[in-house]
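K.L.:
return a 3D structure for these sequence lines:
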Amino acid sequence: MRAMDPDPSRLHLDLIEACPAWGAAIPEIGALCRATASAALAAAADPGEHELSVLLADDAEIRALNRAWRGKDQPTNVLSFPAGAPTVNGAPRLLGDVALAYETVAREAAEQGKSLADHFRHLLVHGVLHLLGHDHEEEEAAERMEGLERKILAGLGIADPYREAAHG
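P.N.:
Residues are numbered from 1 along each chain as shown. Sure, this is the predicted structure:
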């Protein structure tokens, strides 16, 4: 099995579709979530079983979360909430939660000339990498994180989102 073809049974995914627009716009959203998160975990070389929650919300819900947890009273495309829980032998590693805002993600995809599914998958990869401890606060860390995102997305057949953003 290649690194980009992870065993999806090793991921315990709790998908919460709070905003029905997600499923209407991307009918295969559950399968895309699982495949995308599994690919991110495999490429990040984080072995073992994992547990992850993904909240597919609207702008209002993400705005409330962003205000409560980050002190920013505005919606954003993706939020990550690392669990920070210790790993218990034999149990899946609890990664945390990733939350995405439908209206913001859809608007960004349209503005950038990308499909909603591809932009969603990029942001989910980004969120999962944050749960694994990656960040983009400093230039060197941002370059490492973006490089890993590019690698994961290429393995999923998705064009480099940073190149397109620079030219789009």
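
K.L.:
excluding its backbone neighbours, what's nearest the residue nearest the centre of the chain?
P.N.:
When the chain is reduced to its mean C-alpha position, the nearest residue by CA atoms, centre = their mean turns out to be Leu124, at 1.4 Å. Leaving aside its chain neighbours, Leu124 sits nearest to Thr36 (4.9 Å; criterion: CB to CB, 6 or more residues apart in numbering). For glycine as for every other residue, the C-beta is placed from the backbone atoms N, C-alpha and C.

K.L.:
and what of His12?
P.N.:
Glu51 (4.3 Å).

K.L.:
what number of residues lie near the one you found?
P.N.:
16 (other CB atoms under 10 Å).

K.L.:
checking my notes, it in a helix, right?
P.N.:
No. Under DSSP: H, G, I helix; E, B strand; the rest coil, Glu51 sits outside any helix and is assigned strand.

K.L.:
my guess is it contacts Gly96. True?
P.N.:
No. Look at Glu51 against Gly96 with CB atoms under 8 Å: they stay out of range, at 9.0 Å.

K.L.:
picking that back up, in this structure the residue nearest to the centre of the chain contacts Ser38, no?
P.N.:
No. Judged on CB under 8 Å, Leu124 makes no contact with Ser38 at a distance of 10.8 Å.

K.L.:
so the residue nearest to Leu124 is in which element?
P.N.:
Using DSSP states H and E, the element containing Thr36 is helix 29-43.
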